[in-house]
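In: can't give you the sequence, but here's the structure:
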Ligand SMILES: NC(=O)CC[C@H](N)C(=O)O
């Protein structure tokens, strides 16, 4: 499986994503610098990793969303290319308009670093089809701006179209409707606030997520 990780200035989970993808695909991911204009041909998955791209200035993810490579990322995602945004990557996907809504400051105004139990919502996407709806999992969480907000209309649409992939079991950051991860209308793009790539030991829940994702993308 051919994958790429986009590297922005102050991404800090790009290596974790690289290692995770190498572990589950057995192939070396392409690391693509944000100032590039082209993606490698024939990618099966693009990952926007966690971090603090451009220092989280202006609004988290807003500058990265306008990076040169994002034209190619958007074009590919809009034509159904699988795209996974983790944490800062989720923020960038929203700022780029590939997913609705935005990630605001956590309501307690603190950086939250802990594990969180999640409930799987919909299982139609390649990222979730290895789970049963209602399954629980638990991933590390590390963010200051994880409070997902969108208009009531967008939230209703996300729920109505079966696009809420993961929810927090207990409220941690103020996210509307406890949303921790959502997919695009075609299910091919996932924005996920928690960090499965930080739990890649054999049998780790993050490893299980990545293994199931690879199966889901191959199916
Ligand atoms: N781990 C991360 O990706 C951090 C995300 C983001 N910059 C925040 O603090 O909200």
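Out: All right, it came through fine. Computed from a predicted structure; not experimentally measured.
In: use CA for all of it now, contacts and neighbours both
Out: Fine.
In: dump the residue contacts of residue 116.
Out: Residues in contact with residue 116 (C-alpha atoms under 8 Å, 6 or more residues apart in numbering) are 138, 139, 140, 141, 168, 169, 194.
In: please repeat the previous calculation with a cut-off of 10 Å.
Out: 137-142, 167-172, 180, 194-195 (C-alpha atoms under 10 Å, 6 or more residues apart in numbering).
In: equivalent analysis for residue 63, please.
Out: Residue 63 neighbours (C-alpha under 10 Å, 6+ apart): 8, 53, 54, 55, 56, 57, 92, 95, 96.
In: next: residue 191.
Out: Each residue near residue 191 by C-alpha under 10 Å, 6+ apart is listed here: 48, 83-94, 98-99, 164-166, 180-184.
In: specify the local secondary structure of it.
Out: State at residue 191, reduced to three classes by DSSP: H, G, I helix; E, B strand; the rest coil: strand.
In: tell me the spacing between it and residue 54.
Out: Look at residue 191 and residue 54: by C-alpha to C-alpha, to the nearest Å, they are 19 Å apart.
In: same thing with residue 80?
Out: Taken as C-alpha to C-alpha, the span from residue 80 to residue 54 is 27 Å.
In: just the buried subset of the contacts of residue 116, please.
Out: Neighbour-count burial (16 or more other C-alpha atoms under 10 Å) is assigned, among those, to 137-142, 167-169, 172, 180, 194-195.
In: for the residues you listed, which one is nearest the ligand?
Out: residue 142 (4.8 Å; C-alpha to the nearest ligand atom).
In: show me what the closest one is bridged to.
Out: residue 113 (DSSP bridges).
In: if I read this right, it contacts residue 106, doesn't it?
Out: No. Counting by C-alpha atoms under 10 Å, residue 142 stays clear of residue 106, with 11.1 Å between them.
In: name the helices or strands packed onto the lengthiest helix in the chain?
Out: In the chain, ranked by residue count with DSSP state H as the criterion, the top helix is helix 205-218. When contacts are defined as 3 or more C-alpha pairs under 10 Å, 6 or more residues apart in numbering; DSSP states H and E, helix 205-218 packs onto helix 14-25, strand 136-143.
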